[in-house]
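Chemist: coords please:
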Amino acid sequence: MRAKSIRGNSPLEIKSALDQCVSDGFAPTLAIVFVSIKQDHTAICQILGEAGIAIFGASTNGEFIDEETSLGGVAILLLDMNPDHFAILFEEYPEKNYREKAGAVAKKALGRFPKPAFLISCSHTETDAESLLLGFEDVVGEKVNVYGGAAGDDYSFSDQFVFTNGWESKRGMVVLVLDEEKIMIRGRATCGWHAVGTVRTVTKSEANHVYTVDDIPVLDLTAKYGGIQNVTPDNKNLIFEIAGTFPLQLQREKGDPVMRPGLVIDWNDHSFYCSGMVPQGSKVRFSLPPDFDVVEKVIQGCEELKNTEMPEADAVIVFSCAGRQLSLGPMMRQEIEGLKNIWNVPMAGMFSNAELGRATGGNLEMHNLTNCCVAIKEC
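Modeler: All right, here's what the predicted structure looks like:
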């Protein structure tokens, strides 16, 4: 399978890049499209559709091909994958019946392939991505390969969407189904944030709403041990400071911990809403602010993936948390370059609102502040 990555800042630039790509006989059948909400994604879909290319698309908080990042542009990975080896499915969930809808997609996938694997993207900040993952597990089994990310909106947290040819949704999921007997797919979700301090107990929570940890309002505890100043509603950067430099790590009985940064503060009781479920009674630790070691861990994790499971790849797709870009700053480029150099094949990626994949040594999880790197190869 051949792959090429292109980028641009308008439909016209994408059309020009596509024309150049196919000038040597390359005939892509599938496009992984990461696009800013500022772009005319309908026009881009029309360009790709007229070329006979199936689309897996999501809006972003920034996008990149290889090591070139942008905010407000378009990044596309083009693949000439055999059309018999993949399918694009989609579903909406206005009733918030996430697990049921994901299960329905999984059943359709099993009707096409005996061993399906999935690349997914979902839209709307309310979406319970953990329930989506459980829906796939219910039908296909615990060992199912599912990777992906939640759509973004240039950090506005208000208007994400996913799309394919002739369809888009602000409260739905687009799913690339792969015949795993023909297409090998492997991924690694790595965070790299160091835990600090003692293990603490979540003493009151409901779903993703954390009220108290060790019977202390979670905002107060976070501010105290994180040395965070000006903890008032007037501090517009407070939530970014909490999420990007001192997030919670939810401890798991099996596998690595998963990140659960606070994203919305309730000033009435100094509680906050996290990015995913934090069950009452669960164990958490705080995190140290990131340094270069965070980048090294991501690269080392993918090097291990190459050495143990995926020695060769035709293309790489990356879902990296938008919070990583805010926290790592210039180091983000080093992380992307490091990933590119592992397999040295065409790559495209997006900065996402959440990352979906199997935790190292653990279960399928919805992650945050994490890099989910996915390698694919036609058998």
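Chemist: What segments of the stretch 251-379 of the chain are strands?
Modeler: Here the stretch 251-379 of the chain has its strands, by DSSP state E, counting those that start in this stretch, at 258-260, 262-266, 271-274, 283-287, 315-321, 347-352, 354-358, 364-367, 371-378.
Chemist: just the CA coordinates of the longest one, formatted as CSV?
Modeler: Pointing back at strand 371-378 there. These are the backbone C-alpha positions of strand 371-378, laid out as CSV (Å, rounded to 0.1, in the frame of the first residue of the first chain):
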residue,chain,number,x,y,z
ASN,A,371,-0.2,10.8,22.3
CYS,A,372,-1.9,7.9,20.4
CYS,A,373,0.3,6.8,17.6
VAL,A,374,-1.2,4.3,15.1
ALA,A,375,0.7,2.5,12.4
ILE,A,376,-1.0,0.6,9.6
LYS,A,377,0.3,-1.8,6.9
GLU,A,378,-1.4,-3.8,4.2
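Chemist: Partner strands of it, with direction?
Modeler: strand 183-190 (antiparallel), strand 315-321 (antiparallel) (DSSP bridges).
Chemist: which regions of the stretch 151-300 of the chain sit below the pLDDT cut-off?
Modeler: Within the stretch 151-300 of the chain, the segments meeting pLDDT under 70 span 289.
Chemist: May I see the buried residues of stretch 274-283?
Modeler: 274, 275, 276, 277, 278, 282, 283 (16 or more other Cβ atoms under 10 Å). Every C-beta, even on glycine, is put in place using the N, C-alpha and C of the backbone.
Chemist: what does stretch 174-185 give?
Modeler: For stretch 174-185, the neighbour count (16+ other Cβ under 10 Å) marks 174, 175, 176, 177, 178, 179, 180, 182, 183, 184, 185 as buried.
Chemist: Likewise for stretch 58-77?
Modeler: 58-67, 69-70, 73-77.
Chemist: quick one: whichever strand or helix holds residue 117 to strand 347-352, angle?
Modeler: Following DSSP states H and E, one finds residue 117 within strand 116-122. Interaxial angle, strand 116-122 versus strand 347-352 (axes from the mean of the first three to the mean of the last three Cα atoms, to 10 degrees): 50 degrees.
Chemist: buried ones in strand 116-122?
Modeler: 116, 117, 118, 119, 120, 121, 122.
Chemist: same deal with stretch 126-142?
Modeler: Applying 16+ other Cβ under 10 Å to stretch 126-142 flags 127-140 as buried.
Chemist: between those residues, which is nearest residue 319?
Modeler: residue 129 (11.6 Å; Cβ to Cβ).
Chemist: bridging residues for the closest residue to that closest one other than its chain neighbours?
Modeler: Spatial nearest neighbour of residue 129, excluding adjacent residues (Cβ to Cβ, 6 or more residues apart in numbering): residue 366 at 4.2 Å. Assessed by DSSP bridges, residue 366 has beta-bridge partners residue 356.
Chemist: OK, contacts around residue 366?
Modeler: Shown in contact with residue 366 (Cβ atoms under 8 Å, 6 or more residues apart in numbering): 129, 130, 133, 258, 275, 276, 354, 355, 356.
Chemist: pretty sure the third one contacts residue 364?
Modeler: When you say that, I think you mean residue 133. Yes: applying Cβ atoms under 8 Å, one finds residue 133 in contact with residue 364, separated by 4.4 Å.
Chemist: so which pair among the contacts of residue 366 is furthest apart in space?
Modeler: 133 and 275 (14.2 Å).
Chemist: How about residue 198, nearest residue that isn't a chain neighbour?
Modeler: residue 285 (7.4 Å).
Chemist: give me every residue that touches the one you found.
Modeler: Residue 285 sits next to 195, 196, 197, 198, 199, 200, 248, 249, 251, 257 when contact means Cβ under 8 Å, 6+ apart.
Chemist: now do 10 Å
Modeler: Residue 285 is in contact with 194, 195, 196, 197, 198, 199, 200, 248, 249, 250, 251, 257, counting by Cβ atoms under 10 Å, 6 or more residues apart in numbering.
Chemist: Which one of the residues you listed is nearest to residue 222?
Modeler: Comparing those against residue 222 with Cβ to Cβ places residue 248 closest, at 7.9 Å.
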